[in-house]
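1. build me a model:
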Amino acid sequence: ERRTRRRRRAAAEAEDERAVRKRPRLESARPEIADVLSGLGLSSREQPVVNCPEDILAPVCRGPERIREVAAAERMCTSCHKMFEGVGPWKTCARCRTKSRTWWRERRMSRKKDERSSKKQSRMAQDEVEADAGSKTLAGYLSMVESGPPMVYPTSGSLVEDLSTSISEFASRSVFPTTAGPQLWLDPPTLAFAGEYSLVADLSGCDPLVRLHEMQREVSSALGMSFSLAELQCLSDGVSGRWSCAHEIPMPSTTTVDEGAMAGTPPAASTPALPASPLDAAREAQSSLGDDAATPSGATVRRLLGQLDVSVIWDRSHPIFIGVKTLVVVKLAG
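-> Residues are numbered from 1 along each chain as shown. Now for the predicted structure:
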């Protein structure tokens, strides 16, 4: 025990001697310590050198190189006011830099998202306005008419005959409409016809383009309208064409109704007999105006808009023969 006490006493005396020897070195390093404190953002007056922590005093005693390393590595974050280690121009710690980048990125993305949503809403509003304006016209209503699946016919003659029947019914609704006033223009009579016929074996070897124009002429003669070519496409197995027309039909003059008819009593004169066909009535009304005379301003004229699509393609469904399939789609509104 005595030996242990002696050893402890000797170690304490040696430690005191080392502390006494270190004091002059600390006094000589006072200017360098002040530079370190100024680099860390501290004041030498507020925190004297004697009260500095050991992690700052220890590198000072090692030399000026270590002082510069500590000044470059130890900094105070300007955002969270915490000390961080790092070399570079950064004034904030890595955590604060990450939070700042994330915040600015979210802000830019939200701004871009708001701009895209506003542009999308403006485009949708403009499309709705254009759709409403287009649907009120005959051309816009014609684009909304759906023809449905095509009906299969044995020959081209039966197809044209059925088309003529559909045209007669459509003309009766156009020349003698059941509605009047603004409702007639908001909901005009429409026709959507789709039919096809096929040849099992085309032994004549006719050109599909020639057959396309022949079918167009047959449909034009059945409708009594002249179509103008709008588009012609060459397909891998045939050709397809689209024609458009704008036809005006003068409305037949109606008899005036007397006051008794307005009150609800039946008119004395009998109702005139309707023509055999609505197309004949339109032609009679047009011929009554004369060939050279123009349509008077007071006469009512119905404007028909039409679209004709004809496609002629090769039919390879038969294992031996190569046939031809002809598809006809007619749309009318007015």
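
2. my guess is residue 77 contacts residue 97, does it?
-> No: if you go by Cβ atoms under 8 Å, residue 77 and residue 97 don't touch, sitting 9.3 Å apart. In this view, the C-beta of every residue, glycine as well, is placed from N, C-alpha and C.

3. out of the two, which sits in the more crowded spot?
-> residue 77 (18 against 14; other Cβ atoms under 10 Å).

4. grab the nearest non-local neighbour of that one.
-> residue 93 (4.3 Å; Cβ to Cβ, 6 or more residues apart in numbering).

5. would you mind measuring from that neighbour to residue 6?
-> 51 Å (Cβ to Cβ, to the nearest Å).

6. so for these two, which residue has more residues nearby?
-> Neighbours were tallied for residue 93 and for residue 6 using other Cβ under 10 Å; the higher tally belongs to residue 93 (21 against 10).

7. contact partners for that one?
-> By Cβ atoms under 8 Å, 6 or more residues apart in numbering, residue 93 lies in contact with 77, 79, 80, 82, 84, 86.

8. between those, which is nearest residue 120?
-> Nearest to residue 120, judged by Cβ to Cβ, of those is residue 79 at 37.2 Å.

9. from residue 152, how far out is the closest one?
-> To residue 152, residue 79 is 78 Å away according to Cβ to Cβ.

10. likewise for residue 311?
-> Taking Cβ to Cβ, one finds residue 311 at 14 Å from residue 152.

11. among these two, which residue is more densely surrounded?
-> residue 311 (21 against 11).

12. need the three-state assignment for that one.
-> Following DSSP: H, G, I helix; E, B strand; the rest coil, we place residue 311 in the strand state.

13. for it, give the beta-bridge partners.
-> For residue 311, the beta-bridge partners are residue 240, residue 327 (DSSP bridges).

14. check contacts around residue 211.
-> By Cβ under 8 Å, 6+ apart, the neighbours of residue 211 are 312, 324, 326.

15. residues near the last one, how many?
-> If you count neighbours by other Cβ under 10 Å, residue 326 ends up with 23.

16. distance of it relative to residue 82?
-> 84 Å.

17. quick check: mean pLDDT of the helix or strand containing residue 5?
-> For residue 5, the host element (DSSP states H and E) is helix 2-28. Per-residue pLDDT over helix 2-28 has a mean of 73.

18. residue 320 in helix, strand or coil?
-> coil.

19. can you check the pLDDT for it?
-> Looking at residue 320, its pLDDT is 80.

20. over to residue 32?
-> 63.

21. over to residue 154?
-> 83.

22. give me the below-cutoff pLDDT ranges for the stretch 1-150 of the chain.
-> Within the stretch 1-150 of the chain, the segments meeting pLDDT under 70 span 19-73, 86-88, 127-147.

23. break the protein into its domains for me.
-> Domains of the chain are assigned by automatic domain parsing as 2-76, 145-260+275-333.

24. so what does residue 199 look like in phi/psi?
-> phi -110, psi 120 (degrees, to the nearest 10).

25. from residue 209, how far off is it?
-> From residue 199 across to residue 209, the span is 16 Å (Cβ to Cβ).

26. neighbour count winner among these two?
-> residue 199 (18 against 14).

27. state the distance from the more buried one to residue 206.
-> Residue 199 sits 10 Å away from residue 206 when distances are taken as Cβ to Cβ.

28. repeat that for residue 79.
-> Taking Cβ to Cβ, one finds residue 79 at 84 Å from residue 206.

29. before we move on, the earlier item: let's have the contacts of residue 211 in CSV, adding distance to residue 172 and pLDDT.
-> As requested, those are exported to CSV (distance: Cβ to Cβ, whole Å; pLDDT from 0 to 100):
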residue, distance to residue 172, pLDDT
312, 32, 90
324, 34, 87
326, 28, 89
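
30. quick one: the helices in the chain, in order.
-> 2-28, 30-39, 54-62, 64-73, 94-135, 138-144, 156-175, 182-186, 208-223, 259-263, 278-288 (DSSP state H).
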